[in-house]
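>>> got a sequence here, can you build the structure:
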Amino acid sequence: MVTVAAPAKLNLTLEVLGRRQDGYHNIRSVVQAISLCDVLHFQTVEQLTIASDLAGWEAERSLVTRAARLLKETASVTRGASVNVEKRIPLASGLGGESSDAAATLRGLNELWELKLSREKLRELAARLGSDVTFFLHGGTALMEGRGERITPLPPYPHRWAVLVVPDVPRPPDKTAQLYASLNASHFTDGHITQRLVDELKSGKEPSVLFNTFENVAFEQFPGLKVYRDHLRKMGAPDVHLAGSGPTLFALLKDKAQAEDLHARCLGQNMEAHLAETFHGGYPPTG
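Below is the predicted model of the structure:
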């Protein structure tokens, strides 16, 4: 058996530069892996079978299935595999769970089937699966550009505890596309906000900026989201931000005890909340 962790991510900055001719948008984003993760288990069997322990997760609609079939076809693999996905990253939450699972599938099946495909080949396949997938072959802290497929590793973001709250608001399956469609020219930026954070990381300065342009439209697209944000602020959460395309909200804290207290109070108020930390180098343990 091969076991692979699939971490969630936070977009510490997310700038949209403009719409491309192919319908996608060019972005610049500093992305950070966190310890909240799914865990995928791979075993060699006769056929390709994919399942999850999460109710409502559909294998046929998942990037895991697309990734497995793409790898199987690309490498002309005749063997099968069972892929079991332990879901811990909330679905459609802005934390990149599907993309991370797809990257973990490429890594796991590459090992299980002993294909020995290069990192560059896996990156090529990842870019075909989705904009965020390539990042999850790297992990850590990275600069994401293009439509998300161009990844440049960065010096580590300082260690932080992340308190994540997943609001109980409607999440349409095409939410990311809806948010992009809601942006107008006034929401586009030139990448300088992200560059500021990149420069701070490279110089070893204390990071001073978090930014997500989707915050300009998300609080209209997700009814009730603003109530959660305002409530978290009243509870003492510093700098509450939207994760990716949402609706997850997060706060980064230096102090573990403070993060644990905020997390516990969120759970005590019946919110779906998770406590995680930033990490670098490799992937979080699966045990």
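>>> low pLDDT regions in this protein?
Within the chain, the segments meeting pLDDT under 70 span 281-287.
>>> so for the strand ranked longest in the chain, what gets flagged as buried?
Under DSSP state E, the strand in the chain containing the largest number of residues is strand 25-43. By neighbour count on 16 or more other CB atoms under 10 Å, the buried set for strand 25-43 is 25-40, 42. In this view, the C-beta of every residue, glycine as well, is placed from N, C-alpha and C.
>>> once you drop chain neighbours, what's closest to K116?
N110 (7.5 Å; CB to CB, 6 or more residues apart in numbering).
>>> so what's the residue count around that neighbour?
Close neighbours of N110, defined as other CB atoms under 10 Å, add up to 22.
>>> same thing with E111?
Count around E111 with other CB under 10 Å applied: 14.
>>> quick one: the closest residue to D255 other than its chain neighbours and H274, what's the gap?
Excluding the flanking residues, the one nearest D255 by CB to CB, 6+ apart is W161, at 7.4 Å. From W161 across to H274, the span is 11 Å (CB to CB, to the nearest Å).
>>> quick check: phi and psi at the residue nearest to D255.
phi -90, psi 140 (degrees, to the nearest 10).
>>> what residues does it make contact with?
Going by CB atoms under 8 Å, 6 or more residues apart in numbering, W161 touches L252, L253, K254, D255, K256, Q258, A259, E260, L275, A276, E277.
>>> tell me what angle the helix or strand that contains M144 forms with strand 25-43.
Using DSSP states H and E, M144 maps to strand 141-145. For strand 141-145 against strand 25-43, the angle by axes from the mean of the first three to the mean of the last three CA atoms, to 10 degrees is 130 degrees.
>>> tell me what strand 141-145 is packed against?
On a contact count with 3 or more CB pairs under 8 Å, 6 or more residues apart in numbering; DSSP states H and E, strand 141-145 meets strand 25-43, strand 150-153, helix 192-203.
>>> same question for the second one: list its buried residues.
Right, the one you point to is strand 150-153. Buried, per 16+ other CB under 10 Å, within strand 150-153: R150, I151.
>>> parallel or antiparallel, list what pairs with it.
strand 141-145 (antiparallel) (DSSP bridges).
>>> keeping just the C-alphas, turn the strand or helix carrying N110 into PDB.
Using DSSP H and E, N110 sits in helix 97-112. Taking Å, rounded to 0.1, in the frame of the first residue of the first chain, the C-alpha atoms of helix 97-112 are listed here in PDB:
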ATOM      1  CA  GLY A  97      -9.000  19.900  -1.500                       C
ATOM      2  CA  GLU A  98      -9.900  18.500  -4.900                       C
ATOM      3  CA  SER A  99      -6.800  19.900  -6.500                       C
ATOM      4  CA  SER A 100      -4.600  18.500  -3.700                       C
ATOM      5  CA  ASP A 101      -6.300  15.100  -4.000                       C
ATOM      6  CA  ALA A 102      -5.500  15.100  -7.700                       C
ATOM      7  CA  ALA A 103      -1.900  15.900  -7.100                       C
ATOM      8  CA  ALA A 104      -1.700  13.200  -4.400                       C
ATOM      9  CA  THR A 105      -3.200  10.700  -6.900                       C
ATOM     10  CA  LEU A 106      -0.500  11.500  -9.500                       C
ATOM     11  CA  ARG A 107       2.200  11.000  -6.800                       C
ATOM     12  CA  GLY A 108       0.700   7.900  -5.300                       C
ATOM     13  CA  LEU A 109       0.000   6.100  -8.500                       C
ATOM     14  CA  ASN A 110       3.300   7.100 -10.000                       C
ATOM     15  CA  GLU A 111       4.800   5.200  -7.000                       C
ATOM     16  CA  LEU A 112       2.400   2.300  -6.800                       C
END
